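S.K.: Got a sequence here, can you model it:
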Amino acid sequence: MDDVKTRFDRYQADLRRAGIRMTNQRRIILQVLAEAVDHPDANELHRRAFAHDPTLSLSTVYRTLRLLEERGAIQRHAFDDGRARFENADVAHHDHLIDIETGQVIEFHSERIEKLQSELARELGYEIVRHRLELYGRKLPGRS
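M.R.: Residues are numbered from 1 along each chain as shown. Sure, this is the predicted structure:
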């Protein structure tokens with residue numbers, strides 16, 4: 001819960017610093033986004049926020065997401081399903097495995113992968129500044 005409150009407060013502070021007026025609808029969007037543990041797209045965020053305020057428009061969700069993204073508070077991901085999905089920017093580095101049948105996004109971190117990427121970059125004469133790894137797969141039969 002502390003993480004949710006911290007994220008909500010940070011989102012609100014980011015928007016206020018940008019001179020954005022804090023409406024009740026924006027507060028609802030910020031709360032829904034702060035509570036998200038998945039990688040929702042704008043339509044899903046709208047659906048969740050709409051449950052709290054049926055007058056909230058999808059365009060308000062899009063504008064709020066754009067403002068937060070511009071301030072580095074959230075990250076946009078464009079996975080192969082064509083939908084822009086969002087997650088909090090305050091999480092530790094991780095990579096993503098996307099289930100191509102369900103669209104589920106699984107976060108993971110592997111020291112072996114990180115080490116191998118660094119080694120490969122060094123062999124090619126580079127230092128990695130940042131990277132993003134997305135794996136796409138389907139669940140093996142018989143695995144839960």
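
S.K.: those helices in this protein, which residues are they?
M.R.: For the chain, the helices defined by DSSP state H occupy 2-17, 24-35, 42-50, 58-70, 111-123.

S.K.: so how far is the first residue of stretch 61-78 from its last?
M.R.: Using C-alpha to C-alpha, to the nearest Å, one end of stretch 61-78 lies 17 Å from the other.

S.K.: scratch that, stretch 31-46 is what I was asking about
M.R.: Stretch 31-46: ends 12 Å apart by C-alpha to C-alpha.

S.K.: could I get the helices of the chain as JSON lines with distance to Arg138, mean neighbour count and mean pLDDT?
M.R.: For every residue, glycine as well, the C-beta is placed using N, CA and C. Below are the helices of the chain laid out as JSON lines (distance: least, C-beta to C-beta, whole Å; neighbours: other C-beta atoms under 10 Å; pLDDT from 0 to 100):
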{"stretch": "helix 2-17", "distance to Arg138": "31", "mean neighbour count": "15", "mean pLDDT": "91"}
{"stretch": "helix 24-35", "distance to Arg138": "29", "mean neighbour count": "19", "mean pLDDT": "95"}
{"stretch": "helix 42-50", "distance to Arg138": "22", "mean neighbour count": "18", "mean pLDDT": "96"}
{"stretch": "helix 58-70", "distance to Arg138": "29", "mean neighbour count": "17", "mean pLDDT": "94"}
{"stretch": "helix 111-123", "distance to Arg138": "20", "mean neighbour count": "11", "mean pLDDT": "94"}
